[in-house]
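A.B. asks: Sequence first, then the predicted structure:
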Amino acid sequence: MFLIVAKYLIPKGYRGLTVFPFVFVKYGVDKENVIFINHEKIHLRQQLELLILPFFVWYLLEYLVRLFQYKNTYLAYRNISFEREAYANESNFEYLKSRPFLGFRNYLYLKNK
């Protein structure tokens, strides 16, 4: 993992962007934020499992489905299975040690929120 501060590369409203093997952060302080870094490491694992490019295709398609479902960009983003898995486990620093292969599948189906 290569951690790079790239303030102008990150879209407005976001703090980071992961494109294997790089994690781009908007603010240098996030390089020390262990929860944030763990979240991004989960995305690195997801990308590796799906061989990187299919990850981004799936991510975009699922975002569009969620956008149609919620009619809200933030809710669409937060309910992408990859994000749901990362947010649910970002504070669990042991998660990647026991995470099942393609673990994001456990987050595909939504419960009412």
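C.D. replies: Alright, I've got the coordinates. Quick caveat: nothing in here was measured; it's all calculated off a predicted structure.

A.B. asks: Is it correct that residue 7 is in contact with residue 24?
C.D. replies: No - with contact defined as C-beta atoms under 8 Å, residue 7 does not reach residue 24; the gap is 9.3 Å. C-beta: built from backbone N, CA, C; applies to glycine.

A.B. asks: where does residue 38 land in three-state SS?
C.D. replies: Following DSSP: H, G, I helix; E, B strand; the rest coil, we place residue 38 in the helix state.

A.B. asks: Give me the distance between the residue nearest to it when sequence neighbours are not counted and residue 16.
C.D. replies: Once flanking residues are discounted, residue 38 sits nearest to residue 90: 5.1 Å by C-beta to C-beta, 6 or more residues apart in numbering. Computed as C-beta to C-beta, to the nearest Å, the residue 90 to residue 16 distance reads 11 Å.

A.B. asks: again with residue 42
C.D. replies: 12 Å.

A.B. asks: out of those two, which sits in the more crowded spot?
C.D. replies: Neighbours were counted for residue 42 and for residue 16 using other C-beta atoms under 10 Å; residue 42 has more, 25 against 19.

A.B. asks: The more buried one reaches residue 95, doesn't it?
C.D. replies: Yes - contact between residue 42 and residue 95 holds when scored by C-beta under 8 Å: they sit 7.1 Å apart.

A.B. asks: Surely residue 49 and residue 101 touch.
C.D. replies: Yes - Residue 49 is within contact range of residue 101, at 6.6 Å (criterion: C-beta under 8 Å).

A.B. asks: And for the residue nearest to residue 100 when sequence neighbours are not counted, the neighbour number?
C.D. replies: Distances taken as C-beta to C-beta, 6+ apart place residue 106 nearest to residue 100, at 7.6 Å, with adjacent residues excluded. Per other C-beta under 10 Å, the neighbour tally for residue 106 reads 13.
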